[in-house]
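Sequence below, structure please.
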Amino acid sequence: VAQRLNRTWIGIDITYQSIGLILRRLEQSFGAEIFNKIIVNGIPKDIESARALAHKKDDRLRKEFEKWAILTYSDNRAMINEKKGA
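Modelled structure (predicted):
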């Protein structure tokens, strides 16, 4: 709604899966040119930052690297289902 009303807005999330979903919805609503108007921080943009994310000691962050890689390099943009518990 904020975009349609030409308002400045900010979106915050911590998972690449959620960010990918938000970006896909923005593209569906406003077309690919929307990416010229938004700034996304915290996503690996080069091999060094991707390696740094992959080598984090925290297992949750390493899983985020896997999700980022799948969402970035997968043509089907499949949703990642995460099974928690037994």
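
how many neighbours does residue 70 have?
17 (other C-beta atoms under 10 Å). From N, CA and C alone the C-beta is placed, and that goes for glycine too.

in what helix or strand does it lie?
Using DSSP states H and E, residue 70 maps to helix 59-73.

quick one: average pLDDT of that helix?
Rounded to a whole number, the mean pLDDT of helix 59-73 is 77.

which helices and strands does that helix pack with?
helix 16-30, helix 47-54 (3 or more C-beta pairs under 8 Å, 6 or more residues apart in numbering; DSSP states H and E).

Residues in contact with the last one: which ones?
The one in question is helix 47-54. 44, 61-62, 64-65, 68-69 (C-beta atoms under 8 Å, 6 or more residues apart in numbering).

Give me the buried subset of these.
44, 64-65, 68 (16 or more other C-beta atoms under 10 Å).

tell me which of those residues is nearest to residue 28?
residue 68 (20.6 Å; C-beta to C-beta).

tell me the contacts of that closest one?
16, 43-44, 50, 53.

Please look at residue 11 and residue 23 and confirm they touch.
No - taking C-beta atoms under 8 Å as the definition, residue 11 is not a contact partner of residue 23, at 9.6 Å.

Pick out whichever of the two has more residues nearby.
More neighbours surround residue 23 than the other of residue 11 and residue 23, with 17 against 12 (other C-beta under 10 Å).
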